[in-house]
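S.K.: Curious how this folds, go ahead:
(3 chains)
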Amino acid sequence: MGRAPCCEKKGLKKGPWTPEEDDKLVEYIDKHGHGSWRSLPKLAGLLRCGKSCRLRWTNYLRPDIKRGPFTPEDEKLVIQLHAILGNRWAAIASQLPGRTDNEIKNLWNTHLKKRLLLMGIDPQTHEPSPSLDGGGLPSPRHMAQWEGARLEAEARLSRESHLCSEGGGGDHFLRLWNSEVGETFRKFKIKNQSSSPASSASNKCCSISGTTTEIELKVARPLAEDPSSKHILRDCKRAKSDIEDSSESTLQLLLDFPSNNDMSFLGDADCYNLYPDFNTDSLFHSSPQHGFV
DNA sequence: AAAAATTTCAACCGCAACAAG
DNA sequence: GCTTGTTGCGGTTGAAATTTT
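M.R.: Numbering: from 1, shown residues only, chains lettered A, B, ... in the order given. Below you'll find the model as predicted:
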């Protein structure tokens, strides 16, 4: 038996919302909250399906929506998060207050993806794209530079984790490590080390060693690529936890480590440089429409 | 100035997860 | 445990806007 559609399709309006419809929706939600999206349109006097109302509200009308161009910092963060989470737009959006998954998806598809491609970086893997570099194989120069950057990052991480373990940072990291997300990463690392030849390259994102426990954290683009792990982070996120280590906060910890939004531990002192072979300044010079040329 | 091409982004669609009965 | 309804997510589309020819 097929599932009934979310709403009767007949007679319902589609396409762009009018200001009047927006007003009705906002007014209703202000007064009553959205309640059941399915019944909302009827109650609010709208000839729309609930799904359409929800989308309009979450992507456009919500009062906490931050409109306007993305800052270069936002764009950097989106790229960092995409490297970790893959196309999990909602998860990425949750790290950018006021931004919607739709908006970030559009930003990615219309700007960031193209810019990465122009730089010869595969937007899916965040690695130099063989197809754009030497016709089939990564150039030895790129390979060497990437490997160099990776080793430097690991060395840096090793140093920093020693420092962390001496100061308060050890707790910070261990807390992360002992969390659901840390467990996810550990499982994933084991799985990929034994099974996937691609994993050694794809695990570049982050590798951390500690003194108390010899640990390695491999974050997590592979999560996005492995179908069996597709829902791990989502599950973590949804897991109800009344302790402080919700996966939300854990992801934030991950992003904050070792300091707030500072990805220098990935291998470059210039705050952020996932792509050692490229001038990332050009990457974040946005189009005229975004106002950062 | 006009037509064609390209880009942008709001909105739709289908699927999967979750919740309730 | 199964069925059914609801919600949220990611991929895709297409109209409008913008740029190029």
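
S.K.: Could you use CA atoms for every contact and neighbour count after this?
M.R.: Fine.

S.K.: lowest-pLDDT helix or strand in chain A?
M.R.: Ranked by mean pLDDT, DSSP states H and E, the helix or strand of chain A with the weakest confidence is helix A:199-202, at a mean of 33.

S.K.: ok, stretch A:78-94 near DNA strand C or not?
M.R.: Yes: Stretch A:78-94 lies within reach of DNA strand C by CA under 7 Å from any atom of the strand, at A:87-91.

S.K.: now do stretch A:100-110
M.R.: Yes: Stretch A:100-110 is in contact with DNA strand C by CA under 7 Å from any atom of the strand, via A:101-102, A:105-106.

S.K.: do that stretch and DNA strand B meet?
M.R.: Yes: using CA under 7 Å from any atom of the strand, stretch A:100-110 reaches DNA strand B at A:102-103, A:106-107, A:110.

S.K.: which ones among those are found in helices?
M.R.: Using DSSP state H, the members of the residues of stretch A:100-110 next to DNA strand B that fall in helices are A:102-103, A:106-107.

S.K.: Quick one: those as TSV, columns for neighbour count and pLDDT too.
M.R.: Converted to TSV, those look like this (neighbours: other CA atoms under 10 Å; pLDDT from 0 to 100):
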residue	neighbour count	pLDDT
A:102	16	94
A:103	16	94
A:106	14	93
A:107	16	93
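
S.K.: Max pairwise distance over those: which two?
M.R.: Spatially, the most separated pair among those is A:102 and A:107, at 8.5 Å (CA to CA).

S.K.: re earlier: nearest to residue A:44 among the residues of stretch A:100-110 next to DNA strand C?
M.R.: Nearest to residue A:44 among those, with distances taken as CA to CA, is residue A:102, at 24.5 Å.

S.K.: Next up, the contacts around that closest one.
M.R.: Residue A:102 sits next to A:59, A:89 when contact means CA atoms under 8 Å, 6 or more residues apart in numbering.

S.K.: how about a cut-off of 7 Å?
M.R.: By CA atoms under 7 Å, 6 or more residues apart in numbering, the contact set of residue A:102 is residue A:59.

S.K.: Around whatever residue of the stretch 101-250 of chain A ends up closest to DNA strand C, how many other residues sit close by?
M.R.: Taking CA to the nearest atom of the strand, DNA strand C has its nearest neighbour within the stretch 101-250 of chain A at residue A:101, 5.9 Å off. As a burial measure, residue A:101 scores 20 neighbours (other CA atoms under 10 Å).

S.K.: Using TSV, lay out the residues of stretch A:100-110 next to DNA strand B together with distance to residue A:14.
M.R.: As requested, the residues of stretch A:100-110 next to DNA strand B are arranged in TSV below (distance: CA to CA, whole Å):
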residue	distance to residue A:14
A:102	18
A:103	20
A:106	21
A:107	24
A:110	24
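
S.K.: farthest pair in those residues?
M.R.: Most distant of the residues of stretch A:100-110 next to DNA strand B, by CA to CA, are A:102 and A:110, 11.9 Å apart.

S.K.: Tell me how far residue A:100 lies from residue A:67.
M.R.: Here residue A:100 is placed at a distance of 10 Å from residue A:67 (CA to CA, to the nearest Å).

S.K.: cool, and residue A:42?
M.R.: Between residue A:42 and residue A:67 the distance is 29 Å, computed by CA to CA.

S.K.: Now the residue in the stretch 1-150 of chain A positioned nearest to DNA strand C, what are its backbone angles?
M.R.: The nearest approach of the stretch 1-150 of chain A to DNA strand C comes at residue A:88, 2.8 Å away (CA to the nearest atom of the strand). Main-chain torsions, residue A:88, degrees, to the nearest 10: phi -90, psi 80.

S.K.: neighbours of it, just the number please.
M.R.: Residue A:88, neighbours per other CA under 10 Å, totals 19.
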